[in-house]
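Undergrad: 3D model of this:
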Amino acid sequence: MACVLCAACFWCVDELATDACNPADSRVVYISSVRSAWVKEKRGVAYCKTDGVLLYCHTFSMPPFAVTNIRRSRFMKARRPYALAILAMLCVVQVASALPRFANRTASKCQSCHVNPSGGGMRNPFGVQYGRDELPVPTWAGEYALDDFSTQLTEFVAIGADFRTLFFYQQTSGPSTNAFFQMQGDVYLNFRIAKKVSMYLDKGLYSGFEIFGLLNILPGSGHIKAGRFVPNYGIKMDEHRAFVREQTGFSPEAGQPFYTGGEIGFSPGPVSITGGIYNAVSSPGVTTDKNKAFLGRVEAIFKAGSDAGVGIGGNAFYKDVAGTKTTLLGGFGSFGYADFTLLGEADLIKTKTAVATVDGLALFAEANYVLTPGFDVKLMYDFFDRDIDLKTGSMSRYSVGFEFFPISGVEVRPLYRILKEEPTEVNNNEFHLLIHFYL
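TA: As a prediction, this is how the structure comes out:
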């Protein structure tokens with residue numbers, strides 16, 4: 001019996017419309033390779049079953065990808081070995097990747113590698129396997145791999161983590177400065193409390209946290225999310241100081257980017273639509289401010305030939321806090337061909353008070369190329385102008401570096417950054433060395 005992995009509930013679903021996998025025979029089966037050519041494109045309907053009960057069906061396309069390494073969870077091993085057959089990566093159901101460049105490489109959206117439909121944070125079983133099998137140096141990854149590795153503590157509880165430590169060096173007009181900084185220390189927990197219903201917790205090293213309930217119960221692969229979390233604005237990235245995140249307020253560098261409220265989303269095929277309403281004040285406690293913040297977002301990502309992927313989207317965010325009205329209008333896109341990916345975002349930041357209206361602009365662009373498995377070259381460009389009506393006052397950053405994934409769960413990222421300011425140039429170029437452990 002051939003099975004594929006359901007991106008919504010992570011249980012085995014049958015490749016054919018005429019039957020469905022019996023969970024007693026075959027539980028979670030992980031997809032580990034998404035690059036090798038296998039079969040011609042094949043379409044059909046797959047039924048998602050949990051504990052033998054039909055939940056809903058997925059219309060999906062089996063792209064020409066192959067699976068070279070099939071693993072089973074130690075908590076969910078198949079009773080019959082022959083039930084483990086060839087898998088294919090799901091292409092048009094709810095799908096995503098850890099970072100936008102990974103999503104673009106697989107022509108995927110933000111739900112097949114992450115528990116959070118917005119992307120980022122805890123990885124689901126497919127995301128865990130992709131990060132462990134596809135990113136590292138193949139030889140070393142195989143040598144240091146753990147047999148039957150799983151982030152599933154039980155059938156209903158899963159754990160994840162991201163730890164990032166940064167060594168920071170900066171030139172100055174006087175003596176240079178350098179320091180170590182614990183950039184991130186997040187631990188994730190996901191509790192599956194019912195079919196297609198879960199509770200999610202992301203506790204950061206400092207004061208930040210996300211906590212929400214998630215119901216994957218709407219048609220069109222839709223969901224409802226309620227709790228405290230970062231609104232689904234812009235592209236997800238691990239560069240907290242990027243102007244498109246810091247200056248829009250959706251970065252820990254800007255304070256508390258978490259808002260209490262709810263989001264509703266639909267993901268029919270390659271298109272995703274999200275709407276949200278939140279308290280306008282991003283405070284974890286009770287607020288007496290009755291004003292609300294609003295979000296609207298539309299995006300699509302799809303294959304453009306056998307080796308290319310294209311993504312495009314736009315979003316808007318509005319809030320009124322103590323008479324200061326902030327409107328964000330942003331667009332983002334991505335393009336990938338083979339081992340090359342390019343992504344970018346542009347945001348217009350309009351701040352209106354009783355005395356003035358200021359229009360700011362933030363830009364971001366990133367190019368990545370995989371020189372060899374486990375080793376990526378990275379180029380980045382940041383731009384921010386606090387007031388586009390003034391001729392001076394803008395800042396630019398030019399960054400060059402690489403990402404090295406020596407073994408599963410470890411990333412090393414050296415980066416050199418050149419900073420330009422107008423009208424006065426300052427000697428403040430930087431060198432970063434980031435060590436990232438992920439689970």
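
Undergrad: doesn't Tyr130 belong to a helix?
TA: Yes - looking at Tyr130 with DSSP: H, G, I helix; E, B strand; the rest coil, it is inside a helix.

Undergrad: which residue sits closest to it, ignoring its sequence neighbours?
TA: Cys113 (6.0 Å; CB to CB, 6 or more residues apart in numbering). The way it works is simple: take the backbone N, C-alpha and C, and place the C-beta from them, glycine included.

Undergrad: burial of the one you found, as a residue count?
TA: 28 (other CB atoms under 10 Å).

Undergrad: pretty sure Glu253 sits in a helix.
TA: Yes - counting by three-state DSSP, Glu253 is part of a helix.

Undergrad: doesn't Phe243 make contact with it?
TA: No - counting by CB atoms under 8 Å, Glu253 sits too far from Phe243 to count as a contact (10.3 Å).

Undergrad: is Gly309 in a helix, a strand, or coil?
TA: strand.

Undergrad: then Val244?
TA: Assignment for Val244 (three-state DSSP): helix.

Undergrad: likewise for Val370?
TA: Val370 ends up strand, using three-state DSSP.

Undergrad: please tell me how far the closest residue to it other than its chain neighbours sits from Asn368.
TA: Spatial nearest neighbour of Val370, excluding adjacent residues (CB to CB, 6+ apart): Asp339 at 3.7 Å. Here the criterion is CB to CB, to the nearest Å. By it, Asp339 lies 8 Å from Asn368.

Undergrad: okay, the two: which has more neighbours?
TA: Just comparing Asp339 and Asn368: by other CB under 10 Å the higher neighbour count belongs to Asn368, 23 against 15.

Undergrad: hmm, that one is touching Thr341, no?
TA: Yes - the criterion here is CB under 8 Å, and Asn368 meets it with Thr341 at 4.8 Å.

Undergrad: of Glu253 and Phe243, who's got more company?
TA: When neighbours are counted by other CB under 10 Å, Glu253 and Phe243 differ, and Phe243 comes out ahead with 24 against 14.

Undergrad: and Pro373, its phi and psi?
TA: phi -50, psi 120 (degrees, to the nearest 10).

Undergrad: how many residues are close by it?
TA: Count around Pro373 with other CB under 10 Å applied: 16.

Undergrad: separation between it and Asp339?
TA: Here the criterion is CB to CB. By it, Pro373 lies 9 Å from Asp339.

Undergrad: Gln170 too?
TA: 32 Å.

Undergrad: same thing with Gly313?
TA: 23 Å.

Undergrad: give me the element Gly127 is part of.
TA: helix 125-133 (DSSP states H and E).

Undergrad: next SSE downstream of that helix?
TA: Following helix 125-133 in sequence, per DSSP H and E, is helix 138-144.

Undergrad: which strand residues bridge Ser399?
TA: Met380, Arg417 (DSSP bridges).

Undergrad: wait, it sits on Leu379?
TA: Yes - Ser399 is within contact range of Leu379, at 7.1 Å (criterion: CB under 8 Å).

Undergrad: these two: which is more packed in?
TA: Ser399 (19 against 14).

Undergrad: so the more buried one versus Thr424, what's the distance?
TA: With CB to CB as the criterion, Ser399 and Thr424 are 21 Å apart.

Undergrad: same check, this time on Gly309
TA: From Gly309 to Thr424 the distance is 42 Å (CB to CB).

Undergrad: likewise for Phe180?
TA: Plainly put, Phe180 is 30 Å away from Thr424 if you go by CB to CB.

Undergrad: out of those two, which sits in the busier spot?
TA: Shown here are Phe180 and Thr424; by other CB under 10 Å, Phe180 has more neighbours (11 against 6).

Undergrad: and that one, what does it touch?
TA: 165-168 (CB atoms under 8 Å, 6 or more residues apart in numbering).

Undergrad: what bridges to it?
TA: Phe167.

Undergrad: per-residue pLDDT of it, please?
TA: Note on Phe180: pLDDT of 97.

Undergrad: next: Gly44.
TA: At Gly44, pLDDT is 32.

Undergrad: with Val426 instead?
TA: For Val426, the pLDDT comes out at 87.

Undergrad: thought Gln171 was touching it, still the case?
TA: No - here Val426 does not reach Gln171: they are 9.4 Å apart, not a contact under CB under 8 Å.

Undergrad: so which of those two has more stuff around it?
TA: Neighbours per residue, other CB under 10 Å: of Val426 and Gln171, the larger number sits with Gln171, 15 against 12.

Undergrad: who touches the more buried one in this structure?
TA: So, once contact is read as CB under 8 Å, 6+ apart, Gln171 ends up touching 427-430.

Undergrad: let's go with 7 Å and repeat that
TA: The neighbours of Gln171, taking CB atoms under 7 Å, 6 or more residues apart in numbering as the test, are 427-429.

Undergrad: please pick the buried ones from those.
TA: 428-429 (16 or more other CB atoms under 10 Å).

Undergrad: partners of the strand or helix carrying Thr260, with directions?
TA: Here Thr260 sits within strand 259-266, counting by DSSP H and E. Strand pairing for strand 259-266, using DSSP bridges, gives strand 222-229 (antiparallel), strand 271-279 (antiparallel).
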